[in-house]
Structure formats: C-alpha cells, structure tokens
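Peer 1: I would like the atomic coordinates for the input below:
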Amino acid sequence: MNLNFLREPDNESYFSAEEYLNLNCPTHSHFAMEFIIAKQGEFIVEVSGKKYTLTENTSILIMPFETHKFITKKTSKVLILTVTPTIFTEYKTKMESKTLLNPLISIDANETKFILKQ
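Peer 2: Numbering: from 1, shown residues only. Okay, the predicted model is just below:
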C-alpha cells in the first residue's frame, strides 16, 4: 500500500487520487487537503480528536494541518483525493488556519445536490 500522501513536500503543488482497501493509518497531519469518499464497508476517520464513521456514499474533507487518523475495523474501500492548497492560490490565505464545523458530506439518492450531515 502506497501512502505517498503522508510524505508530500510542503512547497509543491499537486493532486492525487488513490483507492485503498482496509486502510489503517496512525495520527498524522500534513500540508495537503484530503477529500475521502467511502465506496464500500465502514471507515472511521478521526479528525482533531472527533470520530466520524463513513459508510458507502459518505465523504469527509480534511483541511491542511488537521490531525487525523484512519481506522478500518472490518472491511473498507475508500478513495482519497489529495490536493495541496497551493493549487488554489487565490483561496490559500482564506483557508489557512480554518477548520470545518461539520466535514461530513453525503449524497442523497433522491437529490441531485450534496447534503451536509448534521
């Protein structure tokens, strides 16, 4: 399993998309943002000490430098999109030191828009 998103350089702009099976990863933080989509099974993401359970079609956004870890208790298949904020240079200063009040996103099968989970 390639965990290259843990080793990205702090001054480079890049984007990656990788799929993982049964991912477990210790607490870490980094310069990049991660958008994680649960494709199968159940996947726990702990962000800044708060645990979120992702099931099929739920997602979470992790902001730069937020501490987080990944836990799979049984089985999971997830897609992790990793992007450095420098790709969005016009938004970089607006995003620095920001966190999301609720980072979980779900796609309702009956809707065509994203729904924020409360």
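Peer 1: hey, let's count contacts and neighbours off CA atoms from now on
Peer 2: Fine.
Peer 1: Okay, now the unreliable bits of this protein?
Peer 2: Along the chain, the parts satisfying pLDDT under 70 run over 1-12, 90-95, 105-118.
Peer 1: can you give me the strands for it?
Peer 2: 15-21, 25-28, 33-47, 50-55, 58-62, 68-71, 76-83, 104-107, 114-116 (DSSP state E).
Peer 1: Make TSV out of these and add distance to E96.
Peer 2: Shown next, in TSV, are the strands of the chain (distance: least, Cα to Cα, whole Å):
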stretch	distance to E96
strand 15-21	18
strand 25-28	18
strand 33-47	11
strand 50-55	20
strand 58-62	13
strand 68-71	17
strand 76-83	14
strand 104-107	20
strand 114-116	22
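Peer 1: now those strands in CSV, with mean neighbour count and distance to T89?
Peer 2: Converted to CSV, those look like this (neighbours: other Cα atoms under 10 Å; distance: least, Cα to Cα, whole Å):
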stretch, mean neighbour count, distance to T89
strand 15-21, 14, 14
strand 25-28, 13, 24
strand 33-47, 21, 14
strand 50-55, 16, 29
strand 58-62, 22, 18
strand 68-71, 19, 24
strand 76-83, 21, 12
strand 104-107, 18, 24
strand 114-116, 12, 25
